[in-house]
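K.L.:
Can you look at this prediction? I've put the sequence above it.
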Amino acid sequence: MSSGEPGVDTIDTVETRTRSAVITARAAATFDPVGRSVATARSFVRDTLQGWGFTDIVDDAVVLTSELVTNAVVHAGTAADVLCLRSADAVRIEVSDRYPEREIPLQQSSVHMGSPDREGGRGLQLCAALATRWGVDYSPTHKLVWFQLDLPHRPVGTRAAGPCLPADLLPVADGRVRVAVIQIDRTGAISAWNEDAGDLFGYAAEQVIGKPLNDLAAWPHTPGTSTGIAEALQLSRWEGSYGIRGSHGRVIPVYASHLRVRDNGGEPSTVCLLVRDDERAVLQTPLRGATPEQGTLSEPNATDPFEIFIGSPAPEDLDGLLQRTVERARDMLDGDAAFLLLATDDETELEVRASTGLPSARQRFARVPVEAGPGRYGSARMPAVHEDLTVVPGAVPLLNGTGMRSVVTVPLKVEGRLTGSLGVAAEAPDRYSNEEALRLQFAADRIALAVESARLGELERLRRGSLSFLVEASDLLAGTLDRDQTLALMAQMTVPTLATWCAVYTIADQSAEPYLSYVLHEDEERIDGLKALLSKISPPDPVPTPGARIWSAPSEAAHQAALRTSMRSLGLGESMTLGSGIGTTLSTASAVGGETVVLPLVARNRVIGMLTLGKPSDEHFRQEILELAEDLSRRAALALDNSRLYSERMAISQSLQRSLLPPGLPQIPGVEVDVIYRAAGEGNEVGGDFYDLFPIRDGAYGFAIGDVCGTGPEAAAVTGLARHALRLLAREGFGGPAVLERLNAAILDEGDRSRFLTLLYGELWPQEDGSAVLKIVCAGHPLPLRLRQDGTVEPYAEPQPLLGVMDDLELYEETMTLDPGDVLLCVTDGVTERREGTRMLGDDGLAEVLTTCTGLTAGAVAARIMRAVERFASDAPSDDMAILAMRVPGLQQD
């Protein structure tokens with residue numbers, strides 16, 4: 001199998017193997033020993049596991065497969081066989097290479113897994129770190145590395161039960177809970193839409209039937225950790241949160257449960273149950289635990305205090321747990337708002353992660369210092385009660401401008417380490433005292449460990465997803481040396497995965513100003529407005545300090561522009577310019593109104609640009625996203641600088657190479673001339689083959705076609721020497737043999753840089769009777785062919801020694817006449833030695849093609865020869881090719 005089309009063998013029946021209890025399915029593929037096979041292997045494993053519904057372990061499996069396949073195809077240089085095996089409780093993946101020369105380790109010998117700082121040798125270390133079990137098997141012809149990833153424990157057939165709770169601790173829902181039921185067909189289009197769906201989202205059934213669900217869904221973007229909506233609809237079962245755009249244009253957060261079914265005819269579809277996200281308890285699958293023995297009840301004093309506070313079942317994801325926590329805290333103290341912040345790794349800042357009763361979209365991921373002021377009331381490490389915030393303005397920055405008057409905050413601690421802060425606020429003053437602080441602290445102590453455990457789990461998933469994201473990004477950036485394509489890739493990898501919009505500034509040299517090179521927004525209609533805004537403000541300073549820094553200029557400029565537009569629309573300022581509109585300005589201001597950060601693009605100790613990332617109004621970046629963006633910026637900077645160096649060197653090379661080509665072909669009275677030249681090698685415009693046609697004196701013209709040994713710049717250097725020497729010597733009056741003998745001496749004078757040269761040189765004199773007289777010297781070059789009017793083809797010269805080998809050459813010239821209608825064809829060996837397998841075009845094949853050119857012009861003859869050469873083989877030419885065709889049309893009759 002090829003690396004581009006891996007074969008997949010799926011077993012429908014159950015197979016028993018010694019390596020695992022029961023294998024229920026398998027997928028196998030073989031990948032060729034080429035670099036692109038690594039990315040193809042990753043896609044194969046990702047598609048296989050997602051098809052089996054094992055999204056929980058996809059990222060770990062992809063990372064391990066990438067390392068092991070790299071060892072096989074890059075380091076060992078052999079094909080890699082990848083086998084995925086599915087069992088009831090685990091997935092086993094085997095990667096084998098074919099390297100029989102590798103030494104089989106002796107029994108009980110130590111296994112050296114290499115240093116983690118080395119470029120290679122990390123595969124086994126990653127297996128040891130990520131896999132449940134792993135091993136290495138050797139045979140005389142293969143080495144096989146396998147690893148096993150256990151699936152999350154999901155007991156089958158268990159049921160969940162929670163304790164009896166007081167009414168005030170039950171989940172909150174509307175008086176009438178609406179459950180939207182939507183059915184999606186195999187194409188992803190909506191086929192059924194119930195009445196509750198219409199009430200929740202504002203669309204009648206006839207408005208949405210037949211439309212793709214993707215048109216309405218606002219799917220969350222977290223790098224490497226989320227499945228797309230299209231993939232989620234293909235899974236047998238899926239549960240989680242996303243958004244639906246309502247008829248009013250706003251996104252409505254929902255909690256959904258998807259189930260893949262089939263009808264009586266075998267046609268698959270997906271049934272989606274959706275409720276408002278704050279009513280997720282209606283659909284959320286409970287955590288499965290051991291079912292109590294029938295006939296027994298738990299004692300009231302054995303009830304977990306965490307379950308009493310959070311409710312049962314507890315949310316499985318961190319965001320759900322935090323949101324439930326703030327809702328319970330608000331209800332417990334009868335507050336108007338509540339918020340929960342999590343500490344950063346260094347415990348210097350707190351990041352807003354959940355809130356209720358506050359503008360959560362504006363505050364989410366905002367950061368505040370742990371030590372906001374002196375004393376215990378300025379530190380998040382101690383409980384604090386503020387009876388009236390108007391007395392101490394700014395004491396709780398998160399509540400500025402919210403109308404809250406009193407607040408109580410308590411720390412979340414695990415083993416004495418600050419992990420977060422929980423607060424409840426009210427609009428009235430004097431609502432809270434130390435008694436409420438103690439109650440809230442008791443609740444915070446009950447949930448702190450669960451919150452920290454969920455946070456660490458989320459952080460681990462995000463980091464593993466980030467690793468997978470960076471692997472894919474590195475592959476994409478390494479796949480091109482085109483500067484514009486590199487800029488586009490940088491922006492497309494960040495939007496919408498890391499940011500809502502992105503701008504890339506480039507710096508040509510140390511004295512140049514940053515230039516806005518690329519702008520991208522997740523909404524294409526806003527790109528032009530965003531580009532116009534950024535073009536009007538000064539670019540960020542090119543500071544080489546690593547890390548993201550805040551840049552407020554775009555947000556300030558956008559708000560000023562929106563304010564001016566609003567004033568003009570109200571008649572308070574100058575009249576609006578034709579074509580401008582308040583909608584465009586306000587939408588641009590909204591697009592860049594959130595947090596904007598700048599990351600330097602540093603390559604080879606020089607700032608070559610800046611990567612700017614932005615969020616819409618009042619949104620902030622997560623610290624983990626900024627760290628991932630910093631890693632991406634380092635890789636992108638090196639790729640961008642490589643593309644710059646490649647472009648500069650290509651421009652220099654092409655300029656020098658074009659200087660070796662003749663400036664143009666002179667018009668020769670009574671003779672048609674045409675030339676086709678093709679250089680081998682990417683980016684080369686001239687190589688070892690060359691041609692020339694030039695006037696020597698009145699009525700006499702010189703022509704030459706030659707082939708320097710080899711191709712590329714070294715051959716091009718001898719090309720320049722030969723072409724210019726021919727012109728100079730011929731115009732000094734030397735005959736053909738003397739010209740070539742002196743050129744031979746000049747080539748030998750180059751010493752180690754010299755290369756041998758085959759050359760056909762001739763001089764041409766058009767005659768009054770319509771014929772042309774030629775004098776030709778053929779020094780080791782393929783012989784020219786003469787095509788007569790009757791279709792006969794014959795060689796037109798005798799072979800003589802090539803140039804650049806011997807000191808003393810005795811060359812002679814041959815004189816002949818081209819009659820009216822005759823064609824002289826001169827080619828280099830790249831034409832006659834064109835191969836397809838064991839076949840070669842050869843002199844006979846060229847002559848056969850030339851016999852079909854009777855009556856054609858010189859240009860048509862050259863074009864037909866080139867077409868025949870190109871069609872002779874499917875591969876690109878491996879040698880330079882030059883074709884020079886001359887035809888004597890004869891005298892024109894009046």
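P.N.:
Yep, it's here. Numbers count the residues shown, from 1 in each chain.
K.L.:
ok, the longest strand along the chain: who's next to it in the sheet?
P.N.:
Ranked by residue count under DSSP state E, the longest strand found in the chain is strand 251-262. Its sheet considered, strand 251-262 pairs with strand 237-245 (antiparallel), strand 268-276 (antiparallel) by DSSP bridges.
K.L.:
Identify whichever of the ones you listed lies nearest to residue 459.
P.N.:
Closest approach to residue 459 among those is made by strand 237-245 (18.5 Å; CB to CB). All C-beta atoms are positioned from the backbone trio N, CA, C, and that covers glycine.
K.L.:
State the next helix or strand along the chain beyond the top helix by length along the chain.
P.N.:
In the chain, assigned by DSSP state H, the helix with the most residues is helix 434-478. Using DSSP states H and E, the next helix or strand after helix 434-478 towards the C-terminus is helix 483-494.
K.L.:
Which parts of the stretch 101-250 of the chain are strands?
P.N.:
Ranges of strands within the stretch 101-250 of the chain are 133-138, 143-150, 180-184, 190-193, 217-218, 237-245, based on DSSP state E, counting those that start in this stretch.
K.L.:
The last one versus strand 180-184: what angle between them?
P.N.:
With axes from the mean of the first three to the mean of the last three CA atoms, to 10 degrees defining the directions, strand 237-245 sits at 110 degrees from strand 180-184.
K.L.:
residue boundaries of the helices in the stretch 151-300 of the chain?
P.N.:
Applying DSSP state H, counting those that start in this stretch to the stretch 151-300 of the chain gives helices spanning 195-201, 205-208, 229-234.
K.L.:
And the longest one, what does it pack against?
P.N.:
This means helix 195-201. Here helix 195-201 touches strand 180-184, strand 251-262, strand 268-276, going by 3 or more CB pairs under 8 Å, 6 or more residues apart in numbering; DSSP states H and E.
K.L.:
looking at the ones you listed, which is closest to residue 349?
P.N.:
Checking those against residue 349 by CB to CB gives strand 251-262 as the closest, at 26.4 Å.
K.L.:
Pull the residues that contact that closest one.
P.N.:
By CB atoms under 8 Å, 6 or more residues apart in numbering, the residues outside strand 251-262 that reach it are 180, 200-201, 218, 232-246, 268-280, 282-285.
K.L.:
From residue 240, how far off is residue 326?
P.N.:
Going from residue 326 to residue 240 by CB to CB, to the nearest Å gives 20 Å.
K.L.:
of those two, who's got more company?
P.N.:
Using other CB atoms under 10 Å as the criterion, residue 326 and residue 240 rank with residue 326 on top: 24 against 18.
K.L.:
who touches that one in this structure?
P.N.:
338-340, 354-356, 422.
K.L.:
State the phi and psi torsions of it.
P.N.:
When read as degrees, to the nearest 10, the backbone of residue 326 gives phi -70, psi -30.
K.L.:
Please, where are all the helices along the stretch 501-650 of the chain?
P.N.:
Using DSSP H, counting those that start in this stretch, helices in the stretch 501-650 of the chain cover 527-536, 553-569, 582-591, 623-658.
K.L.:
Identify whichever of the ones you listed lies nearest to residue 602.
P.N.:
With CB to CB as the criterion, residue 602 lies closest to helix 623-658 of the helices of the stretch 501-650 of the chain, at 5.6 Å.
K.L.:
Mind checking the pLDDT average for the closest one?
P.N.:
For helix 623-658, the mean per-residue pLDDT is 83.
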